[in-house]
Every structure is written in C-alpha cells, then in structure tokens.
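A.B. asks: here is my input; please provide its structure:
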Amino acid sequence: MKRLALFCSAIIFVLAQAGFAELPEVTRSFYHLPFSNGVGAGIYQARPNGGRLLYFYESIYKQYSEDSPLTRSYLRRKGVTWGINNTWLDDAPVSDAEYIDGTGIVRVFKEVPKNRNISAVEYYYMPMELDKRIIVTVLEFENTGLFRKRIKPYIYVDANMGAREKVRREDNFFIQGLDMEAPRREPKSFVILSPEVSSFSYKPLSQYPREVRERPVELDNKLVKSGRSLIGVLQFDEITLRRGEKARVMVVLGLADKEEEAEYKSDMQKIFDKTAEVAIGEEMKWWDDWHAVAKIPDWLSYEEKRLYRQSAAVLKMGQCREPGKPYGQILASLPPGNWNICWPRDATYGLVALAQMGHFYEAKAGLEFMLNAPNGKFDSKEFVGVPYKISVCRYYGNGDEESDENQSGPNLEWDNFGLVLWAICEYLDQSGDKEFLDKHYKTIKELIADVIVHLMTDKGYLRRDSSIWERHWEPQIHPDGRKYFAYSTINGYHALKRFAKYCPPATEAHYLKMAEKIKEGFLNHFIDENNNVIVANLEEKPQGINHYMDASVVEAINFGMVDETVAKATLQAFEDKLGMRRSPGFHRNDDGTWYDRQEWLIIDMRIAQAYYLMGNKERAQELMDWVLLNAKNNFYLIPELLDERNLSFKGEVPMVGFGPGCYIINKFLIEK
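C.D. replies: Coordinates of the predicted model:
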C-alpha cells in the first residue's frame with residue numbers, strides 16, 4: 001500500500017397465500033449513514049441521543065492484497081464532534097438525519113437543549129469531483145429566539161494514528177502522525193487546516209481539564225509534540241447572531257498519500273476558500289448532473305423515486321475510484337458492512353442496473369476491473385480445469401483472486417462466469433459499445449463463455465460447485481460441500497444464450513446449441529416431477545420438497561427457462577416453505593442455519609420480478625413496497641437481511657448489488 005497522510009481542514013394466477021392484508025410496522029433499526037466518493041469512506045452514527053462522525057476509512061474495500069493489513073479507520077471512539085458554547089453535539093438529541101435526496105451528502109438535525117433558541121444542522125460528504133480521501137463537514141446554527149445570541153463553535157478531533165503519536169504545526173495546519181513506524185504499516189499523518197481558529201489545544205486527553213469530556217472548555221493553545229492518544233480541540237471565532245440569523249462553520253478532512261500532501265493541501269484549501277453554502281451547493285449539483293444522465297421511470301411514486309435515486313447513489317459510492325488496480329470494482333456493501341469486498345455475483349446485479357440506467361462509464365469500469373484482473377488461481381484439474389478470467393469467489397482490492405476457506409475448503413462458484421457474462425451482454429445491449437466488444441471479445445469468449453461450456457456435464461447441467469450461498473468445496477459439515485446447484489446451471493444457460501448474438505454465425509450457433517443443452521439437462525433433472533417444483537440441487541432432490549427448497553432458483557423463472565406450470569408451482573412452494581411468518585418476504589432456503597432463516601431482501605426482490613413476469617402484479621408490488629418501507633425508515637438504505645423475530649436490519653448494511661442494484665433492475669419491469 002502507498003503511504004498515507006490524513007488531513008483535516010477547517011403473468012396472472014392466485015396463490016393460496018395472498019400476502020399480508022397490510023404491511024407490518026417498521027421502525028428505524030439502523031443508525032449509520034455511510035458516505036463515500038469511491039476512494040475513502042466516512043460513517044456518521046446518528047442515534048436519537050446523539051451523533052458524530054465515527055469512522056474515516058482509508059479505502060472503501062476491506063483489504064488491498066493478501067499480505068496487506070485490513071483497511072482501517074483513523075478515528076477513535078469519540079470521532080469528530082462539533083460543539084456549541086457549553087455543549088458537545090455528539091450528546092445532543094438527533095431530531096432527524098438523512099441523505100439529501102439522491103446524494104452522498106449526510107444532513108443531521110440536532111436539538112441543543114443546553115442552548116435555548118439555537119438549532120444546529122451538520123453536513124458531511126466526500127467531494128465526488130475529487131479522487132481523494134477528503135471529507136467536508138459543515139456546522140450550521142441558527143438563532144430561533146427573540147434576542148441576540150453569542151455562539152462559540154468548537155470541533156473535537158479524536159484521531160487514531162497508532163500507539164505513540166506526534167504533532168506539529170505548520171502555519172494553519174496541525175499535523176498528527178506516528179512517532180515511529182508500526183509493523184506492517186507505513187507511517188501516517190493527520191493534519192488540520194484551521195485559519196479561522198481562535199484558540200486550540202492538541203494534547204493527550206489526560207492533560208485536558210476533566211470537563212472536556214462533557215463540554216467544551218477554554219483552550220490554552222498548548223501543543224504536545226509527542227505522546228499517546230493525542231486529541232485536537234479547536235475553538236472558532238465567536239459569532240453573534242440576530243433573531244433568525246444563521247451562520248456556518250466548515251472543516252475539511254482528508255487522507256492522502258505522503259507524496260501527495262502538497263496536492264491534497266491545495267485541493268483542501270480550494271474547498272475551504274469557498275463559502276460552506278457554495279461548497280454544499282456544488283456537491284448537490286454534481287449529484288443532480290450525474291442523475292440527469294440516467295433513465296428514471298416516470299411512473300414512480302415520490303417515495304419510490306427517492307429510493308431509486310438513493311439506490312443509484314449507493315451504487316456510485318460503492319464503486320471504487322482509487323486510481324490503479326482497484327479502480328472500477330463494485331463492493332458487495334459499503335462499510336460499516338463487512339462485505340466491503342468485490343464479489344462478481346453481487347457486482348453483476350449492480351452492473352446490470354448501471355447499464356439499464358444508462359450509466360455506461362461506471363458499468364464499463366466495473367466490467368474492465370474484472371476483465372483486467374489477474375485471475376486463474378484455481379485452474380488446476382481438481383477445480384476449474386482450464387484457464388479462466390472471472391474470480392471463482394471474490395477479489396482483493398488490487399484485483400487478485402481470493403477464495404475464503406474453512407474446514408470444508410475453498411469456495412468455487414461457477415455462477416460467477418454466467419453472471420458476469422450477463423452483465424457484459426446487458427452493457428452491450430444498452431450501450432452498443434462495439435469498441436468494448438472488439439477489445440475484450442477474445443477474453444470473454446475463451447476465458448468466460450468457453451469455460452461455462454467446459455464446466456458442462458454430459459447431461460448438460462454444470463459440474464458441482466459451491467454456488468450462490470458459498471457452500472465450500474468438501475462435504476464435511478452440513479450444509480457445506482459442493483453440489484450440482486441449480487443456480488450455477490441457470491446462469492450458465494442465460495449467459496450463453498445472451499452472448500451468442502455477439503458472436504460470428506458459427507460460434508453463435510455453437511453457443512445457442514450449448515445453451516439449449518444446458519436447458520434440456522436442467523429441465524430433465526432439476527424439476528421434481530411429483531410437484532413440478534424447481535429443486536435447489538440434485539443431491540437433495542431425492543429427499544423431497546421439505547429438503548431441496550432454495551429461492552435462488554427463481555432466476556430460472558426470471559430468465560425464461562421454465563413454463564408457466566413449473567413457475568406457478570415453484571412460486572407457491574416458496575410461499576409455503578420459505579415465507580416469513582412476520583412479514584410478506586422470504587428466507588433464502590431450508591438449510592436451517594441462522595443465516596438461512598433470516599429474511600433476504602434480494603430474494604424478496606427477485607421473487608417480485610418473477611411474480612411480475614407471471615402477471616401477478618399485486619404480489620410483486622407488495623414485495624417491492626415492503627422493501628421500500630424498510631428502506632424509507634432507515635435512510636433509504638437496503639440491508640442484506642431482516643431479523644426473523646423483530647424485522648430489524650441484520651447482516652451487512654448497506655448492500656450494493658444485492659440491494660440497490662436489484663431494486664433498480666426491478667423498477668424497469670414492475671409498473672403500477
């Protein structure tokens with residue numbers, strides 16, 4: 001990794017189960033608002049009893065390479081906190097918190113009970129026009145009383161550089177870093193640009209008056225050059241406000257490579273030199289201009305449009321813009337979700353959504369990240385057996401292939417080849433980018449499409465793998481162990497059928513023939529003749545419908561592999577076997593682990609698409625309205641899971657491809 005420095009400047013049928021008469025009540029259960037420009041990431045924690053900037057991550061992905069340390073935040077528990085007069089605002093009640101519609105700008109409204117007739121609003125964002133780790137934060141306060149008010153703004157910065165730290169001041173900058181090199185980590189620095197600061201203290205917490213933990217205090221302009229847990233507290237010039245007047249104070253935070261310090265300082269100063277109103281306005285305009293490129297269905301309701309736009313914004317924030325090898329990858333989740341890793345499967349749903357919206361630049365960048373990545377780690381006869389391009393599991397930040405392992409061995413997922421080929425075809429369909437096809441055709445054909453053909457058995461369906469839920473390779477502990485999974489075969493069929501039209505006639509005929517062979521094998525083996533239901537895998541088929549149910553097979557309906565009879569019976573089986581008791585949604589399968597039993601929002605949305613295609617628009621809309629209701633009450637973010645007991649957000653939040661990507665894909669199909 002490069003050395004970094006951190007800166008701060010100031011179709012129709014009726015089912016037996018018709019769904020819920022009305023949707024369950026939803027309350028907020030998630031309290032983080034992550035924001036990113038694709039390079040770094042910030043997270044604001046907004047609980048009813050207070051809020052603060054809690055994390056500032058150096059990268060949006062979890063780990064750059066196999067031998068690199070995990071990406072970390074450079075803030076301690078107190079984070080970055082604003083203060084007014086005698087009140088730290090991290091303890092001030094949060095009356096509302098939100099993203100400004102369709103943006104990565106966080107806006108938080110706070111009550112200030114210790115300062116009557118003063119309201120406060122905080123803003124946080126990372127400038128999208130810059131490929132730099134920069135956070136802009138603004139404190140806006142207003143005199144809502146009848147008389148003049150004197151306001152002293154403060155900011156508290158609890159940076160986390162390491163065990164022993166050093167600080168120096170250069171003109172208007174406070175520079176905090178490590179006093180010595182840490183093992184496996186290169187030296188960092190933390191800098192605060194503060195030309196409007198009237199007084200300061202930068203020292204260990206133990207050297208502050210005890211009261212500084214509860215409220216701002218008078219500062220002594222003392223700077224401790226070396227110590228542990230150094231904390232910067234800055235006071236700005238006192239501001240007098242008449243009745244109804246507002247004022248704003250702006251601080252800019254940044255995290256830069258050491259060799260880019262001068263460039264970062266320059267860019268940060270340019271932001272600081274603008275008024276806060278101008279800076280926020282320019283960022284809002286950037287997002288409006290970006291959305292203007294996209295197709296947004298004009299039949300969406302107000303709330304649906306808000307979720308659509310915020311979902312698009314999460315897709316944008318969840319795509320890495322760090323120059324070099326990491327550029328273009330789409331993460332499965334943004335931090336604080338632990339799935340801030342690029343999985344081809346999750347990325348595909350995001351890439352298809354971006355292509356359908358018309359965000360071709362982003363879709364192309366995501367595809368080229370995978371097409372340029374140096375994969376093929378599992379090409380031995382034991383595993384794939386031929387050279388291949390797309391990772392069989394996921395990627396490190398630098399594009400190297402990664403497959404997590406447990407006692408049952410690695411994950412190897414053949415569905416990735418079909419999924420990414422679907423995303424490629426969707427991009428070509430929507431963009432007509434012949435240059436992209438000409439450039440990558442050989443790789444796509446030989447290292448993706450031909451790999452799918454290679455993985456076919458003589459019966460047509462694909463060989464055993466770990467598939468969508470990552471069941472690992474060896475059958476040691478239930479539910480682990482590779483199987484003949486329907487999901488991988490479904491995606492292999494869909495991809496070859498889609499890709500054939502982009503090939504010369506002879507190759508087109510070959511792939512269409514292979515696709516039909518896969519379909520024939522699927523229909524002959526993956527349908528339970530007793531129930532006309534699609535089975536999850538062949539190993540569990542003999543055990544019957546109470547053992548083989550898995551909602552991921554819904555893609556066979558969405559991709560047109562089965563007739564109406566099978567589609568109807570399978571959807572009914574989902575309702576009977578996988579429906580949640582407390583909500584209109586579904587859990588993913590019948591394997592019985594905690595993870596399997598929770599409600600999966602991607603499953604809700606993919607089943608909604610199947611219902612729409614089968615003509616049952618009411619059930620489709622119910623599922624999509626349920627997703628909307630949960631998102632609306634949680635900052636318009638879509639989680640991985642809902643808790644089976646209380647429907648609270650669980651798993652990783654916010655999801656990217658498995659959340660916003662799926663929502664946007666569905667909105668191009670489901671109409672009111």
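A.B. asks: just to check, Pro24 is in contact with Asn646?
C.D. replies: No: assessed by Cβ atoms under 8 Å, Pro24 is found out of contact with Asn646, at 10.1 Å. No exception for glycine: its C-beta is placed from N, CA and C like everyone else's.
A.B. asks: who's more crowded, the two?
C.D. replies: Comparing Pro24 with Asn646 by other Cβ atoms under 10 Å, the one with more neighbours is Pro24, at 14 against 10.
A.B. asks: now name the helix or strand holding the more buried one.
C.D. replies: Assigned by DSSP states H and E, Pro24 falls within no helix or strand.
A.B. asks: what residues are up against the nearest residue to it once chain neighbours are set aside?
C.D. replies: Nearest in space to Pro24, with sequence neighbours left out and distances taken as Cβ to Cβ, 6 or more residues apart in numbering, is Ser583 at 5.7 Å. If you count contacts by Cβ atoms under 8 Å, 6 or more residues apart in numbering, Ser583 has them with Phe20, Leu23, Pro24, Glu599, Trp626, Leu642, Leu647.
A.B. asks: among the residues you listed, name the ones in helices.
C.D. replies: Counting by DSSP state H, those place Trp626 in helices.
A.B. asks: mind putting the contacts of Ser583 into JSON lines with distance to Lys203?
C.D. replies: As requested, the contacts of Ser583 are exported to JSON lines (distance: Cβ to Cβ, whole Å):
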{"residue": "Phe20", "distance to Lys203": "58"}
{"residue": "Leu23", "distance to Lys203": "53"}
{"residue": "Pro24", "distance to Lys203": "51"}
{"residue": "Glu599", "distance to Lys203": "49"}
{"residue": "Trp626", "distance to Lys203": "52"}
{"residue": "Leu642", "distance to Lys203": "46"}
{"residue": "Leu647", "distance to Lys203": "47"}
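A.B. asks: can you say which of the contacts of Ser583 are buried?
C.D. replies: Glu599, Trp626, Leu642, Leu647 (16 or more other Cβ atoms under 10 Å).
A.B. asks: which single one of those is nearest to Ala256?
C.D. replies: Leu642 (39.2 Å; Cβ to Cβ).
A.B. asks: from Asn630, how far off is the residue nearest to Pro24?
C.D. replies: Distance of Ser583 to Asn630, given as Cβ to Cβ, to the nearest Å: 9 Å.
A.B. asks: what do those two both touch?
C.D. replies: Going by Cβ under 8 Å, 6+ apart, residues that sit against Ser583 and also against Asn630 are Leu642, Leu647.
A.B. asks: re the thing from before, output the buried ones among the contacts of Ser583 in CSV; the columns should cover pLDDT.
C.D. replies: Formatted as CSV, the buried ones among the contacts of Ser583 follow (pLDDT from 0 to 100):
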residue, pLDDT
Glu599, 98
Trp626, 98
Leu642, 98
Leu647, 97
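A.B. asks: any idea which element the residue nearest to Pro24 lies in?
C.D. replies: Here Ser583 is assigned to no helix or strand, by DSSP H and E.
A.B. asks: likewise Pro336?
C.D. replies: Using DSSP H and E, Pro336 sits in no helix or strand.
A.B. asks: next up, the contacts around it.
C.D. replies: Pro336 neighbours (Cβ under 8 Å, 6+ apart): His32, Pro34, Ile43, Tyr55, Val653.
A.B. asks: now, these that are in strands?
C.D. replies: Counting by DSSP state E, these place His32, Pro34, Ile43, Tyr55 in strands.
A.B. asks: ok, of those residues, which one's closest to Ile527?
C.D. replies: Pro34 (42.4 Å).
A.B. asks: specify the beta-bridge partners of that closest one.
C.D. replies: Listed by DSSP bridges, the beta-bridge partners for Pro34 are Ile43.
A.B. asks: what about it, how many residues close to it?
C.D. replies: Pro34: 27 neighbours (other Cβ under 10 Å).
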